[in-house]
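Novice: Below is the structure, and that's it, no one-letter string:
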């Protein structure tokens, strides 16, 4: 007669666990012997994953530039040199000192150019930027500031962009500042001011190009063209650089064809009729702002119509660069430009661009 002895589960566990935990050798599942008793529960082993976590804790991972950042090879040559210089400096303090060096060596701007038109908006310090074309139609920049650090930022852009053609300047994306590695040296307000400097310089470059083309076409029948650096500026409000479109139009407004509510005189109505006929816009806004410009005798409702804000949404702009869109509008309004119209502030977009900006 055989007898069976039932061992309490707790005692069995202690007897098995002790040698297993004390063993200095790693045992595999196949070599681990467990008595085949009816009260034992099956034991399973699961291999621990050796894969790296999805979010790497490597400190260098956050320092790698995003794939969306404009490649350094697409920047103007002088700006590439500056980026390489700053990337070669590891210490934030050394980068800061380099900025101060740039600022101390920036030539001061003559007082007559420190005007509201040349002043950068959104900076904690006062900054002025002047631009003109050289004989090769390349843009030359000058700048100044009441802060040495801000002068350094301005000098960086002046050196990096001066002497470049307009098309090279306007395609510089604002996010190139990430390549400089100045985040630790600049406060958010300083960084925002730096981006505003770049945007103003790009606008001025485009203004000079459009104005030069206007002067070139209007003076083709005259003996001589005006000096390039004396061309007046034409305010332009389009977003420049990375091609981003910022708009607050709602979908219900897209099919509107209206003015901004200001009363248009004879010139304003002619501009409106010409653009309606030639561009078939889905949205058109014409605003007479001549009264805002002293010295031009522009008064709302009078014949002194010299300055206009023009916002056009048209399919005719599809496939055209920002420069070509402005050239198209200026060519359509050539008669007005030759008969007293001084300046246009143009926003020219396609319906797709407006729709994309509303979705973002």
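Specialist: On my side now, so go ahead. What you are looking at is a predicted structure, and each value in this text was computed from that prediction instead of being measured.

Novice: the helices in the stretch 101-250 of the chain, which residues?
Specialist: 148-161, 166-170, 177-180, 188-218 (DSSP state H, counting those that start in this stretch).

Novice: Could you check the longest one and say which residues are buried?
Specialist: By neighbour count on 16 or more other Cβ atoms under 10 Å, the buried set for helix 188-218 is 190, 193-194, 196-212, 214-215. (Glycine included, C-beta is placed from N, CA and C.)

Novice: for the first one, same thing?
Specialist: Counting neighbours by 16+ other Cβ under 10 Å, one finds that the buried residues in helix 148-161 are 149-161.

Novice: would you turn these into JSON lines with pLDDT and distance to residue 135?
Specialist: Formatted as JSON lines, those follow (pLDDT from 0 to 100; distance: Cβ to Cβ, whole Å):
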{"residue": "149", "pLDDT": "88", "distance to residue 135": "34"}
{"residue": "150", "pLDDT": "90", "distance to residue 135": "31"}
{"residue": "151", "pLDDT": "93", "distance to residue 135": "28"}
{"residue": "152", "pLDDT": "91", "distance to residue 135": "29"}
{"residue": "153", "pLDDT": "92", "distance to residue 135": "29"}
{"residue": "154", "pLDDT": "93", "distance to residue 135": "25"}
{"residue": "155", "pLDDT": "93", "distance to residue 135": "24"}
{"residue": "156", "pLDDT": "93", "distance to residue 135": "25"}
{"residue": "157", "pLDDT": "94", "distance to residue 135": "22"}
{"residue": "158", "pLDDT": "94", "distance to residue 135": "19"}
{"residue": "159", "pLDDT": "92", "distance to residue 135": "20"}
{"residue": "160", "pLDDT": "93", "distance to residue 135": "21"}
{"residue": "161", "pLDDT": "95", "distance to residue 135": "18"}
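
Novice: between those, which is nearest residue 275?
Specialist: Using Cβ to Cβ, residue 161 comes nearest to residue 275 of the buried residues of helix 148-161, at 32.3 Å.

Novice: So that closest one is in contact with residue 77, correct?
Specialist: No: using Cβ atoms under 8 Å, residue 161 is not in contact with residue 77; the gap is 10.8 Å.

Novice: And the buried residues of helix 148-161, which two are furthest apart?
Specialist: The widest separation within the buried residues of helix 148-161 (Cβ to Cβ) is 19.2 Å, between 149 and 161.

Novice: what is the mean pLDDT for the strand or helix carrying residue 308?
Specialist: Element membership of residue 308 [criterion: DSSP states H and E] is strand 307-313. Mean pLDDT, strand 307-313: 89.
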